[in-house]
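*Asks:* based on what follows, work out the 3D shape:
(chains A and B)
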Amino acid sequence: MAQVFDRSSNALARASLVLSGLIVIVLGVTLNSLQRSPWVTRQGQRPDQPVPFSHFHHVQGLGLQCQYCHTSVEKSMYAGIPPTKTCMNCHSQIWTDAQLLEPVRQSWATGASIHWIRVHDLPDFVYFNHEIHVNKGIGCASCHGRVDEMPLMYEQNSLQMEWCLNCHRDPAKNLRPTAEIYNMAWQEPSSQRPVWCTTTNVVGPTAQQVACVTTDPAAAGLQLTSLRNAQNGLIQSNPLGLDRSQTVSAVAPSMIPANYVKFTSQEELGLYLTKQYHIRTANELSSCETCHR
Amino acid sequence: MKNNSAANRTSMAAKNPVDGAAPGLSQDASVNVAGMPATAQLSGSPVSLQAQPAAQVVTQIIPAGVGGSTAPQSTLSSPAAPKLTLAEVRARLQGKSGKRFWKSLDELAETPAFQELMQEEFPRQASANEWVDPLSRRGFLKVMGASLALAGLAGCTKQPDELIFPYVKQPEDLVLGKPMYFATAHPFPTGAVPVLVKSDAFRPIKVDGNPEHPISKGRSDAFTQATLLGLYDPDRSQSPRYRGEVAEFSRFQQEFAGSVAATGNGQGVVLLSETITSPTLADQWKRVQARYPQMRLVQYEPVNQDAARAASKAAFGDYYDTQYRLQDADIVVALDADFLGGIGFPGFLPLSAAWAERRRFQKDKTMNRMYAVETMPTVTGFKADHRLALKPSDIDAFAAALAVGVGANPSGAGAGLSPEAQRFLSVLLADIRRSGGRFAVLAGPNSSPACHAAALAVNAAQGAVGKTVVYTQTVAPLPSEQSADLKALVADMNAGKVQWLVMLGVNPLYNAPADLNFQDALNRVSHTVHLGMHLDETGYYCDWHINQAHYLESWTDARAYDGTVSIVQPMIEPLYGGKSSHDILQTLLDPGVSAYEAVRAYARTYLNVPAGKTAGQAGEAEASQARAAAAAAATAAAQPGVSQQARNAAQEAKVALGLAAQDTPFEMAWRKALHDGWVADTAFSPKTLGAPKAVPIAPKAASTDAAIEISFRPDPSLYDGRYGNNGWLQELPKQVTSLSWDNAALMNLDMMTRLGIEENEAIQLSVGGRSIITPVLMSPGHPDDAVTVHLGLGRRAECGRVGAGVGFNAYLLRTVDQPLYASGLSVERSKGMYDLCVTKVHNIEHRGRYAQRDLERTELDTEGTYSLAGHEALERSIIRYATYEEALKNPDYAHLGTKDSDLTLVDKVGYNPQGEAVPHDESFWPDNWRYDHIEVVGLNAKVLQNKWAMAVDLNSCVGCNACIMSCYAENNIAVVGREQVKIGRIMQWIRIDTYFEGDLHAPAAYFQPMYCQQCESAGCEQVCPVGATIHTPEGLNMMVYNRCVGTRYCSNNCPYKVRRFNFLLYSDYDTESLKFMRNPDVTVRSRGIMEKCNYCVQRIEAVKIEADKNNRAIRDGEILTACQQACPTDALVFGNLNDPTSKVVQRKATERDYQVLADLNYRPRTTYTAGVINPNPELA
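*Replies:* Alright, predicted model coming up:
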């Protein structure tokens, strides 16, 4: 019986083996990079919103505080999207006939919601909780980026699980004093910009455990100290401090600067705050039930 | 003749003859054999039938295959599969030492079919070819290849755009993402259940008991829990209809009000209402009646309190309710009174709580003792220390004899009582006399008038009145004898005297007594109106149908068991604009007054408005002013063309007006009542009524001796049928029988054998010329010559997508004069088989007679490699208990027979069938999780980390199913439907196992809630290939749904059989109304996902976040699991094992605490407290 395959078939067979190996590898690499790509994660994408709302203008330009609109960020898992009423608080007075704001006025007149497109969209099996993050020293900008510099809102980070775990396995690198949560321009301490912190010894919410300043408390002078003394009395009148409504923004750095510690690196500050804020261990934070149930 | 069950029970938990450690406990094998009479002895028992187990009927039982797992494949569905005879069952039950527990007849029989059923992890999945087409191997690979590729890609798909719809004006007190809680009450004919409703963005998502209410104390029941699904039922009627066409309610109002006004005095107008529970509605009716004196109100419900009413009227001349104070009762006697079964019994919540409290075993506390006399085996009967099974007429005779026994009934001297009953009676009487008035005889809605009369007489004669029994005015504001009223109404209808029949929340075309021919009578009424949640059998037939609002959507009020008034407030705007009875009655008074205004106006009569202002007038003026303003605003807002701004302004004006009126005394009291969920100081005070008139209780007619009787009971899950379209309740395995999606004619094996019928066979029941065809289910402990049928099933297509055609309709046999039971039943075999849906054979890891075969022949297996020890239920001490005296003598009884010195043959190879925990250091698994991490909270307080666990007190668990229902609502559990339940795919995370013990004729039974045990060295975790079930640092076994790929290895490796797999897409992703109902904190599971109990981890996390935020440790009792929260008897306790002061640690510290299947060394976190029973030695 004559040979069915020519001698050259051997080369072909080898080549196809190599080729199929390559295809598998390429496919794997492609799929891997595809599912991390902005096409899937939407990182950096600016969807067409009904109103081209500018955080840049409202936050940096006008100086609105985050919680003016995102009211429940400290007390609920959901930060909250402002109702039309919040827009109309100002825009019934200013820019009352701007074409851009037509959908807002329409909503106010008809009672129908504005249909925003969600920018930060987690899968439905993820139970992210805002309140515990902002109460334990994770600033808005840590996840959402410099929102105050975004004319149109986009997703700064991938919000994929590996990104979550990067922090949950080592929260220290992102912790900041709770008083600085809403500070978009917060920068981690360095030798040029040290941070001074002290423990307050206040029984109460975690957010009250630490008082931090960015100016040297020793140089701040007598005036500041006496001011804080006065506030001190107020805080002490509620020694248990178990009021649930008392959260991050209700807290003033109020205690006497007994012994401030100076931090010149995020690493040191992070470790200090991990201890003071009783941040749970990496083992607990990266356990599945923390986010999935 | 001895009472078998009692005799059997006294044999101690000690199973092992070797055990000599406990004096008085070594009476195991011998006593047990003696106490368990052979069949020949039983024939002497008058209760156990004249006819002996007829061996000729079933002649053989195929021996289970010796080859182990190779049982014949074809016998599974064959109706010819041989069944077990009574004699054989009894033979199997006796002659073994120690306690023998069993779950079902099949398990006892060990038929090949049953063996095969047990082969599979999920019974019969292999043969379920519901969707797998026969594929060739190559075709299969092709398909698989494609799906593998797709599976890889599926992870890369983009999420679709998600929209956000913010409020236009957000309610001020709403924090999205945080639930809110509102108090209201669930009105039920036996008394309202005060509830606290969890509301997510104003959608009710969970109904639980009101923790501050004196009656519920946070507890609830299965029906109340399930009403949540009733609210979101997609089959609810969505609009008023006139002759089938959608119509306006206002048109009905005009027609109805006009016609009634035209009659002048209301002649010919009749309201046929469900039991009126609302004081406001009763007041409205009185005002309607004042205007139209000839108008009539008839209340009718198929399950009613007529017997109690009649007895009360006969004894005291008027209607009174009886309230029991079981916390003071040493002796509890239930005369066909299923007071532990659910809110069908008035006062279920306080009664079961008080009973369980007196049942807790503590050294220096007297434990109560319960006697139950009943027909159908109920949870109450099985929780009783002594249960006497009698057919209904014999119960009447027993009741009469009881009254005679205390000298309260002059006539009839216990005629017709069997010797066994006679003995039971005399012991019971002696116990009652000894108790010095600290006893209570209970009779309930299903008890006959004779039982009620006897209860009244005995309680009065022996001095219980004032101590454990008090009489009050009735909870229902307009008490009546409903059956008699309905009968009179039908007579009037037939005589053409009724022109308008307005049916409020009733469904007589389905559930009226069959002999009344309600349909014919209805045809003679010219105008028929139906108010109902569904366009049901009656609604479909009436001229007018008005869609009724659910109680979670409407304003009304109601009284709880003790008389405390609760105001029922709406949780949500009526989904379909439903109306209530208030609106119908108000049509005849002033259609402009809403239910809210009516309730508010009447609330002035019971609210405690502080004096000072002339509350009445001031309030009245203010109310009318507010009403006028609101009306003006509403009219203004309703004008077409008015902009939203104007509407907003109008609303603001209204709110401002409301705020201005806020601080009037009435307003304060009203708001307090709404906030609290009840009005303080409105409980009834006991009435002093004097001795009840002695009512002669008719002795039993001799003719009834041989006749077969049929007993009608409301269904334990569906009540009278009102919950027919509630999937949760339909699927819920019924108490004791574990029937799901079915009802059956219940009878005992004696009777089945005599009649030559087998389980599942179709039979025809005929009584009084009417007949129905039903399947048969053997009910252990059912009295002879009696058949029990459950009402509430067999609904027609109008019921809805869930309830239509489920079961048979037992109302077709029921007559108006004999609503509780009827005599002269004939039972005939009918054609065919009906495969009843019983869940109890699922979830058994059953090795049956194969267990230990290799161990007994040790030459085959000296290492114990092949087999686990012991027959699942029979020998592994899953249930442990002792009598009160034994427990006192030897508190360690739950662990007897389990020590090294007690080891028997099988133990020599390393297994211990008594199920004792393996000493920890022998564990193959090292301590992976140490739970000794120190947490710092507060300023610098160091506490041990959390370590969650649960303890279940088997003494307190009454098997009422409330926990299962609560779990449904909390964890978004899917309903799978009858076919899927049948093949073992029920999704409930909790099951209540019922273990029977002893003879079929008079068994004892024990209830054991079983759910994920959160094992320390869990088999599931070790076999999951993808890490979808993992151990958390706090000791939970978590299911990570998004990781699960559905191998089901975990379930295979779970000895407790508590994992549930989504074989199909069971969760309803499409029905809009059901989306509102879901708990937003729990993932709705899709197809191919394993799920199981996780100690309500979403609740744990929520509390943890709150505690972490506030820098404190979690307090004991701060986290309640859903099951624990619902439990009416506090049988379940959840908490932190690392907190020495926590309740769960205290429970687990008792010597009676044991692990189920502890010898497997899975080290479960959930443990059980062994039961203590308190039988009377004289009846032993």
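*Asks:* tell me, how many residues neighbour the residue of the stretch 101-250 of chain A at minimum distance from chain B?
*Replies:* The stretch 101-250 of chain A approaches chain B most closely through residue A:113 (3.9 Å), counting by CB to the nearest CB. Every C-beta, even on glycine, is put in place using the N, C-alpha and C of the backbone. Counted with other CB atoms under 10 Å in any protein chain shown, residues neighbouring residue A:113 total 16.
*Asks:* tell me the contacts of the nearest residue to it once chain neighbours are set aside?
*Replies:* In this structure, residue A:113 finds its nearest non-sequential neighbour in residue B:165, 3.9 Å apart by CB to CB, 6 or more residues apart in numbering or on different chains. Each residue near residue B:165 by CB atoms under 8 Å, 6 or more residues apart in numbering or on different chains is listed here: A:113-116.
*Asks:* can you redo the residues you listed as a markdown table with distance to residue B:212?
*Replies:* Below are the contacts of residue B:165 laid out as a markdown table (distance: CB to CB, whole Å):
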| residue | distance to residue B:212 |
| --- | --- |
| A:113 | 37 |
| A:114 | 41 |
| A:115 | 42 |
| A:116 | 40 |
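*Asks:* got a winner among the residues you listed for most neighbours?
*Replies:* For the contacts of residue B:165, counting by other CB under 10 Å, the largest number of neighbours falls to residue A:114: 23 neighbours.
*Asks:* can you list the buried residues in the longest helix seen in chain A?
*Replies:* Ranked by residue count and defined by DSSP state H, the top helix of chain A is helix A:8-36. Neighbour-count burial for helix A:8-36, counted by 16 or more other CB atoms under 10 Å in any protein chain shown, picks out A:35-36.
*Asks:* do that helix and chain B meet?
*Replies:* Yes. Counting by CB under 8 Å from any CB of the partner chain, chain B is contacted by helix A:8-36 at A:31, A:34-35.
*Asks:* could I get the full set of helices for chain A?
*Replies:* Taking DSSP H to define them, one finds helices in chain A at A:8-36, A:38-41, A:55, A:66-69, A:84-91, A:102-110, A:130-135, A:140-144, A:161-168, A:217-220, A:222-236, A:266-276, A:282-285.
*Asks:* tell me what the first one is packed against?
*Replies:* Packed against helix A:8-36, as judged by 3 or more CB pairs under 8 Å, 6 or more residues apart in numbering or on different chains; DSSP states H and E, are no other helices or strands.
*Asks:* just the angle for that helix relative to helix A:161-168, thanks.
*Replies:* On the basis of axes from the mean of the first three to the mean of the last three CA atoms, to 10 degrees, helix A:8-36 is oriented at 50 degrees to helix A:161-168.
*Asks:* now do helix A:8-36, average pLDDT.
*Replies:* Averaging pLDDT along helix A:8-36 yields 92.
*Asks:* quick one: contacts for residue B:259?
*Replies:* B:269, B:499-500, B:527.
*Asks:* once you drop chain neighbours, what's closest to residue A:85?
*Replies:* residue B:169 (4.7 Å).
*Asks:* thought the one you found was touching residue A:82?
*Replies:* No. Using CB atoms under 8 Å, residue B:169 makes no contact with residue A:82, being 11.0 Å away.
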